[in-house]
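In: Model the structure of this input:
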Amino acid sequence: MRVTKAALEQHIAVFGESGSGKTVMLSSFYGATQEPQYRQKSLFHVLADDMGQGTRLHQNYLGMKSARVPAANRFAATSYSFSVRMKDAPDVKVNKGKPFDALRLVWHDYPGEWFEEGASGPEEAQRRVDAFMSLLRSDVALLLVDSQRLLENAGQEERYLKSLLANFRNGLLLLKDDLLKDGKPLVDFPRIWIMALSKSDLLPDLDVFGFRDLLVEKAGGDLVELREVISGLVEADEALCVGEDFVLLSSAKFGEENIEVTKRVGMDLILPLAAMLPFERHIRWGQSKQITAKVTEGLLAGVGVLSAVLLEKKIKPAGPAGAVLNLVSRVLSKELLDEAVKATGDKLKNMNSEAMAKRNYLTATLTRFRMDLDRGEEEQVLLRSVK
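Out: Down below sits the predicted model:
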């Protein structure tokens, strides 16, 4: 979670084996935001920062409407940046004192083939390291479990799940020496690793609890081993959740002759997960006395300004903007952070209603994101860790 002069920036890393649906999912995520219905009811625009990438993703999405599945992007590690900008022109009275006026989501797509096949030579091996280094800024990582592969191994799901988790684990072990300079664990590292069931429309009777139970029953030991490997990469593994959050995702409903792009599952949780799950988790971890000051500083970078926006608190600028933003989390009291993170239920709904009445669309959007996470749990599409 990082705050620039104009935007709150969140990074999400997506891992999945070849054919697990990463390209389709990304195309569905972006394409749906360009639909007239979405643009009319939403408080914000989602814009691809690279127009060429945006055109290709939108083209993929429109092709899905004609039953064409996007081609897989094999062996290419690509990052996609999207700006989430509020619709109305900034209102001076509403936005005065705000530390940022937009959100930015950076989506890192790590090739599944790199977890399944050895490097062809030193050059490719270095590309893998460089690609992984680029996503270390991510707060959230999605590990995709392919519903199609579960169906193919019905009754013996452990064959697929054990192989999948072993590939992830071994891939990380191969990168370990290159990632840890002088053997020192990483401070900047994805600390929330969500297990995501892709193509969940293929398993309509499986809710998020059933998905969790299937993973634990069939491959619980492998999940533990994956946690241990990731723990060995990161400083302060007390601030780490691996395989403790679960979500169901479906980019569309795929039939034999058509693809229904409006029938999606969990895709509207991508932005809330990237923006608000780290916010909730980082405050909780950052206030732990067991975590080093260096890690705490990284965890709390950005949460103070986000709290200020949620609670509609004004921040008086003093000095260079960047310096002010970096200090805000330290200035804001523990009580204020607690108030922001503990705002739930009716209080959160009231905050959202008040922000809407004031046309404070940034606060309205962030409170809506938190409400979306609660709704995801109520609908048994999302299961958040209590850690």
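In: hey, which helix or strand in this protein has the poorest pLDDT?
Out: Each helix and strand of the chain was given a mean pLDDT (mean pLDDT, DSSP states H and E); the minimum falls on helix 321-331 at a mean of 43.
In: Show me the shaky parts of the stretch 51-200 of the chain.
Out: The stretch 51-200 of the chain contains residues with pLDDT under 70 at 72-76, 89-100.
In: need the helices for it, in chain order.
Out: 51-65, 92-95, 113-116, 122-134, 147-152, 157-179 (DSSP state H, counting those that start in this stretch).
In: between those, which one is nearest to residue 371?
Out: helix 92-95 (20.5 Å; Cβ to Cβ). To be clear about C-beta, it is placed using only N, CA and C from the backbone, and glycine gets the same treatment.
In: that older thread, okay, the helices of the stretch 51-200 of the chain in CSV with distance to residue 244 next?
Out: As requested, the helices of the stretch 51-200 of the chain are arranged in CSV below (distance: least, Cβ to Cβ, whole Å):
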stretch, distance to residue 244
helix 51-65, 30
helix 92-95, 37
helix 113-116, 21
helix 122-134, 22
helix 147-152, 20
helix 157-179, 14
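In: how about CSV for those helices, with distance to residue 293 and mean neighbour count added?
Out: Formatted as CSV, the entries for the helices of the stretch 51-200 of the chain read as follows, by distance: least, Cβ to Cβ, whole Å; neighbours: other Cβ atoms under 10 Å:
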stretch, distance to residue 293, mean neighbour count
helix 51-65, 38, 16
helix 92-95, 33, 13
helix 113-116, 34, 18
helix 122-134, 24, 15
helix 147-152, 43, 17
helix 157-179, 23, 17
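In: Would you mind saying which of those lies nearest residue 262?
Out: When the helices of the stretch 51-200 of the chain are ranked by proximity to residue 262, the top entry is helix 51-65, at 9.6 Å, counting by Cβ to Cβ.
In: what sits up against the closest one?
Out: Contacts to helix 51-65, defined as Cβ atoms under 8 Å, 6 or more residues apart in numbering, come from residues 23-24, 26-28, 30-32, 34, 47-48, 69-70, 78, 80, 251-252, 259, 261.
In: got the residue ranges for the strands in the stretch 151-300 of the chain?
Out: Under the criterion DSSP state E, counting those that start in this stretch, the stretch 151-300 of the chain contains strands at 192-198, 241-248, 253-254, 259-260.
In: Let me have those strands in CSV, adding mean neighbour count as columns.
Out: Output for those, formatted as CSV (neighbours: other Cβ atoms under 10 Å):
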stretch, mean neighbour count
strand 192-198, 26
strand 241-248, 23
strand 253-254, 18
strand 259-260, 16
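In: mind putting the ones you listed in CSV, distance to residue 234 included?
Out: Listed next are the strands of the stretch 151-300 of the chain as CSV, based on distance: least, Cβ to Cβ, whole Å:
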stretch, distance to residue 234
strand 192-198, 11
strand 241-248, 10
strand 253-254, 37
strand 259-260, 39
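In: Of all these, which one comes closest to residue 369?
Out: Taking Cβ to Cβ as the criterion, strand 241-248 is the member of the strands of the stretch 151-300 of the chain that comes nearest to residue 369, at 14.5 Å.
In: now the closest one: mean pLDDT?
Out: Per-region confidence: strand 241-248 scores 96 on mean pLDDT.
In: Please name every helix or strand in contact with it.
Out: If contacts are counted by 3 or more Cβ pairs under 8 Å, 6 or more residues apart in numbering; DSSP states H and E, strand 241-248 sits against strand 192-198, helix 208-231, helix 270-286, strand 382-383.
In: quick revisit: tell me which of the helices of the stretch 51-200 of the chain sits nearest to residue 266.
Out: In this view, these are compared for proximity to residue 266 by Cβ to Cβ, and helix 147-152 is the closest at 12.2 Å.
In: Centre of the chain to that closest one, how far?
Out: For helix 147-152, the gap between its own C-alpha mean and the chain's C-alpha mean amounts to 24 Å (Cα atoms, centre = their mean, to the nearest Å).
In: likewise stretch 140-151?
Out: A distance of 15 Å separates the C-alpha centroid of stretch 140-151 from that of its chain, computed with Cα atoms, centre = their mean.
In: Convert the C-alpha atoms of it to CSV, please.
Out: Presented in CSV, the C-alpha positions along stretch 140-151 are these (Å, rounded to 0.1, in the frame of the first residue of the first chain):
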residue,chain,number,x,y,z
VAL,A,140,-2.0,-9.5,-1.9
ALA,A,141,-1.2,-12.6,-3.9
LEU,A,142,-3.9,-14.9,-5.5
LEU,A,143,-3.0,-18.5,-5.9
LEU,A,144,-5.4,-19.9,-8.5
VAL,A,145,-6.9,-23.4,-8.1
ASP,A,146,-8.4,-24.6,-11.4
SER,A,147,-12.0,-26.0,-11.1
GLN,A,148,-11.6,-27.8,-14.4
ARG,A,149,-8.6,-29.7,-13.0
LEU,A,150,-10.6,-30.6,-9.9
LEU,A,151,-13.4,-32.0,-12.1
